[in-house]
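Enquirer: compute the structure for the input listed below.
(one chain, ligands or ions: 2)
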Amino acid sequence: MRHLVFEGAGRLAYREASPPTLESPEAALVRALAVARCDLDAALVHGRAPFRSRVLHGLRARWPAPFRSLPFGPPFPFGHECVAEVIAVGASVRGCAPGDKVVVPFQISCGDCDACRRGVTASCTAVPHGASFGLGRGAWGGVLADVVRVPFADAMLLAAPDVSPLELASAGDNVADGHRTVAPFLAKRPGAPVLVVGGEAASVGLYAVLCALALGSTRVDYLDHDRARLALAERLGARAIDDRYRKRDGAYPITVDASAEPDGLAAAVLSAEPGGDVTSVGIYFARRTPFPLLPAFFNGVHFHTSRVCSRAELPAVLALIADGRLRPSRVTTLTARFDEAPEAFLHHGPKVVLTRA
Ligand SMILES: [Zn+2]
Ligand SMILES: [Zn+2]
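Expert: Ligands and ions are numbered 1, 2, ... in the order given. Below is the predicted model of the structure:
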């Protein structure tokens with residue numbers, strides 16, 4: 001079969017590989033219908049995310065022994081956000097059948113370990129830490145492939161709502177990531193104003209804008225210094241603030257740091273009101289990152305940071321998409337075909353979505 005391989009910054013190519021097989025009764029084989037470029041993919045292809053980071057390699061040391069020899073770093077199969085069609089299922093799979101359309105969370109989770117049962121599906125203990133499709137950690141392959149093996153089909157796959165695949169391509173990662181930055185806090189404080197600090201996690205910040213508005217926030221402010229993202233945020237319904245990352249006047253019950261820049265992180269922390277909730281989704285590839293801890297302490301802000309737990313977040317995300325309140329395609333800046341992936345993934349806008357047809 002053919003699959004897309006990341007060979008280093010700026011270098012993507014389709015290569016031949018042997019197709020995966022079911023291997024276990026809990027697995028399914030799927031074929032992507034639409035694939036989205038994750039914000040982390042964009043950082044990788046543009047050479048802004050390091051693979052030789054000591055922190056990342058430190059994580060690998062925590063993998064269970066049988067997994068430590070798995071490949072880590074380029075070259076590796078690429079692409080991890082998709083909506084797909086089931087082509088085969090193992091003997092014990094009950095939740096889907098060949099022909100079904102499914103949303104695929106990008107992280108591998110078993111559904112049965114203690115972490116999965118607590119909803120911390122990003123840290124499933126049945127697989128290596130960080131196990132996911134298309135990120136060079138382990139042998140799960142990328143989703144821009146003719147066949148993708150999903151090891152725990154019943155635990156992972158969700159029935160796709162009856163909408164265009166273009167609305168669902170990013171649901172299993174970046175849309176879910178944007179959703180978790182605002183959904184729990186708007187449930188606690190209905191209608192609360194939100195500040196999103198945009199940047200490197202470009203589509204996650206913009207999905208946070210969409211989710212906040214869909215969930216009833218009365219005002220979403222979007223702070224960034226990138227003109228194109230600001231204009232897009234405004235079209236989505238946010239109030240665009242064109243500025244470097246500085247503390248905003250006033251105080252927000254909910255703030256989001258999607259900048260991956262220390263100044264953006266500080267702006268999100270310092271702009272939260274006492275008791276407010278701050279979520280940082282940007283990845284800081286450093287051992288230490290400056291953090292305004294003293295003002296955060298005196299102000300009493302709640303700071304949240306983690307990788308998204310995509311499987312746990314997806315039911316709420318898909319419900320919003322199914323009833324038309326959330327239309328992730330409004331963030332898409334380039335649509336192309338799977339064949340065009342090596343060039344399309346170099347696009348500089350926030351979101352690329354590829355389709356098979
Ligand atoms: Zn991702
Ligand atoms: Zn698990």
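Enquirer: so where's the stretch 251-357 of the chain shaky on pLDDT?
Expert: Within the stretch 251-357 of the chain, not a single segment meets pLDDT under 70.
Enquirer: which single residue in it comes nearest to ligand 2?
Expert: Using C-beta to the ion, R311 is the residue of the stretch 251-357 of the chain that sits closest to ligand 2, at 9.3 Å. Glycine gets a C-beta too; all of them are placed from N, C-alpha and C.
Enquirer: just say helix, strand or coil for that residue.
Expert: Using DSSP: H, G, I helix; E, B strand; the rest coil, the secondary structure recorded for R311 is helix.
Enquirer: you'd agree it is up against I108?
Expert: No. In terms of C-beta atoms under 8 Å, R311 does not count as a neighbour of I108; the distance is 9.3 Å.
Enquirer: quick one, which of these two is more surrounded?
Expert: More neighbours surround R311 than the other of R311 and I108, with 27 against 24 (other C-beta atoms under 10 Å).
Enquirer: so who does that one touch?
Expert: R311 is in contact with 105, 107, 109, 111, 116, 121, 155-156, counting by C-beta atoms under 8 Å, 6 or more residues apart in numbering.
Enquirer: got the end-to-end distance for stretch 96-110?
Expert: Start to finish, the residues bounding stretch 96-110 are 16 Å apart (C-alpha to C-alpha, to the nearest Å).
Enquirer: pretty sure V103 sits in a strand.
Expert: Yes. Secondary structure of V103 (three-state DSSP): part of a strand.
Enquirer: OK, contacts around it?
Expert: With contact taken as C-beta under 8 Å, 6+ apart, V103 is in contact with 83-84, 157-160, 168, 171-172, 314, 318.
Enquirer: mind checking which helix or strand of this protein has the lowest mean pLDDT?
Expert: Per-element confidence for the chain was summarised using mean pLDDT, DSSP states H and E. The lowest value among helices and strands belongs to helix 54-60, with a mean of 65.
Enquirer: the residue of the chain most remote from its centre: what secondary structure?
Expert: Taking C-alpha atoms, centre = their mean as the measure, the residue most remote from the mean C-alpha position of the chain is F298, 32.0 Å away. Using three-state DSSP, the three-state assignment for F298 comes out as helix.
Enquirer: alright, that wraps it up for me.
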